[in-house]
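S.K.: heads up, no residue letters with this:
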């Protein structure tokens, strides 16, 4: 099971990657296969991730994962059990994938649903 951490500094103070690293180090047992960090452009929001590789064992499944030239960024802990079926449907709708990760499918699905009229 992966581990995630995040900081949102409402005061506007910059998030330090070192703080995120301390947080993810404390949950390293949940994700021994890798770690990653992301800060937004003004560095007031930061995500940290510890990876337990289950579905996509390649670097293509690393998190935080970015999609559509960093329009969307995600860290999460979960598995999308029907992601292969969802991926096929998204490919029919014109989506292309860089990995075999269910996380990338989640991001594409989010984009797809956002583009649908209410």
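M.R.: That came through, no problem. All values derive from a computational prediction rather than experimental measurement. Numbers count the residues shown, from 1 in each chain.

S.K.: quick one: the longest helix seen in the chain to chain centroid distance?
M.R.: Determined from DSSP state H, the single longest helix within the chain is helix 102-115. Distance of helix 102-115 from the chain centroid (CA atoms, centre = their mean, to the nearest Å) equals 12 Å.

S.K.: Stretch 35-54 now?
M.R.: With CA atoms, centre = their mean as the basis, stretch 35-54 stands 8 Å off its chain's centre.

S.K.: same question for it, mean pLDDT?
M.R.: Here stretch 35-54 scores 94 as its mean pLDDT.

S.K.: Could I get the full set of strands for this protein?
M.R.: 3-8, 34-39, 45-51, 65-67, 72-74 (DSSP state E).

S.K.: and of the ones you listed, who's closest to residue 93?
M.R.: Nearest to residue 93, of all these, is strand 65-67, at 14.9 Å by CB to CB. To be clear about C-beta, it is placed using only N, CA and C from the backbone, and glycine gets the same treatment.

S.K.: Could you list the low-pLDDT ranges of this structure?
M.R.: Scanning the chain for pLDDT under 70 picks out the ranges 118.

S.K.: returning to what we had before: list the helices and strands the longest helix of the chain packs on?
M.R.: Under the contact definition 3 or more CB pairs under 8 Å, 6 or more residues apart in numbering; DSSP states H and E, helix 102-115 sits against strand 65-67, strand 72-74, helix 83-92.

S.K.: can you redo the ones you listed as a markdown table with mean neighbour count and distance to residue 115?
M.R.: Converted to a markdown table, the helices and strands packed on helix 102-115 look like this (neighbours: other CB atoms under 10 Å; distance: least, CB to CB, whole Å):
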| stretch | mean neighbour count | distance to residue 115 |
| --- | --- | --- |
| strand 65-67 | 18 | 13 |
| strand 72-74 | 16 | 12 |
| helix 83-92 | 14 | 12 |
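
S.K.: can you redo those as CSV with distance to residue 6?
M.R.: Output for those, formatted as CSV (distance: least, CB to CB, whole Å):
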stretch, distance to residue 6
strand 65-67, 14
strand 72-74, 11
helix 83-92, 23
